[in-house]
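Engineer: Quick one: sequence and predicted model below, then my questions.
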Amino acid sequence: LTDSKLGKKHVINSYGNYNNIRVQYFSTTPQKFKNKKIKEKYIIYPAQFWEHKNHTNLIYALGLLKKDYKKIKLILIGHKKKNYFKLTELVKKLNLEKNIKFVGYVTESEKANLIKNARALINASFLGPTNIPQLEAFCYGCPVILSNVFAHKEQCGNSVIYFNPSNREQIASAIEKIWVSDSLYRKYKFKSYKMAQKYSLKNFSAKLVNNII
């Protein structure tokens, strides 16, 4: 089982073409949590601080946005290890301490509450073929800003705002769109709810049964 048609192609290229290689798109289910309303406006990125998660370009993009939006806010979820210390130094260097908040490890229910109340979830990863954070965002009707790598467009279609993860200006522009436009926020919030239906556990289970029979 592969996570996408592109993933299937990768397996075939590596191991040969067999008739039992099938596509099984990922799914996720919403957590049960008490929705604690968060008044501040922010973008969220739930990802460990590995190099391929591309926090560096995202932080530089926030620096670009701060020139016009002094109160732009980014919340980063992840264990305080790997590139964490290097990234905190970069935040200090760019004078973004008031704009970027490292919250460390959070529980699944805490993460769900943060995503639910976010202006948007961003996933700046360089790698794929697909990823889970955007599926988590869909569960809570959170708009998604996503790197245009590998099979992300296969996974998410026209339901998210895409950017080139190597281009800091594009990252900044993608964030700005959802940050300033309430109508665009509502549009992609609705799209996220629709995508949550597409990748529901019910649909995942039915597809899985067909794949293993």
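Structural biologist: Thanks, I have the structure now.

Engineer: CA only for contacts and neighbour counts going forward, please
Structural biologist: Noted.

Engineer: Quote the end-to-end distance of stretch 26-35.
Structural biologist: 25 Å (C-alpha to C-alpha, to the nearest Å).

Engineer: Then stretch 31-43?
Structural biologist: So stretch 31-43: terminal residues 20 Å apart, C-alpha to C-alpha.

Engineer: So which bits of it are buried?
Structural biologist: 42-43 (16 or more other C-alpha atoms under 10 Å).

Engineer: From the rest of the structure, what touches that stretch?
Structural biologist: 72-75, 108-110, 112-114, 116-122 (C-alpha atoms under 8 Å, 6 or more residues apart in numbering).

Engineer: Which helix or which strand is home to L87?
Structural biologist: Using DSSP states H and E, the element containing L87 is helix 84-93.

Engineer: Check which residues of that helix are buried.
Structural biologist: Of the residues in helix 84-93, those buried (16+ other C-alpha under 10 Å) are 84, 87-88, 90-91.

Engineer: Which positions within the helix or strand following it qualify as buried?
Structural biologist: Elements were assigned by DSSP H and E; along the chain past helix 84-93, the next helix or strand is strand 100-104. Judged by neighbour count (16+ other C-alpha under 10 Å), strand 100-104 contains these buried residues: 100-102.

Engineer: The spatially most central residue of the chain: what's it in contact with?
Structural biologist: Nearest residue to the geometric centre of the chain (C-alpha atoms, centre = their mean): N123, 3.2 Å. Residues in contact with N123 (C-alpha under 8 Å, 6+ apart) are 45-46, 53, 133-134, 144-147.

Engineer: For K34, report the pLDDT, please.
Structural biologist: K34 carries a pLDDT score of 85 in this model.

Engineer: can you check K39 too?
Structural biologist: pLDDT at K39 comes out at 89.

Engineer: Also the one 4 residues further on?
Structural biologist: In the predicted model, I43 carries a pLDDT score of 98.

Engineer: M195 belongs to a helix, doesn't it?
Structural biologist: Yes. Checked against DSSP: H, G, I helix; E, B strand; the rest coil, M195 lies within a helix.

Engineer: Let's see which of the contacts of N123 end up in strands.
Structural biologist: 45-46, 144-147 (DSSP state E).
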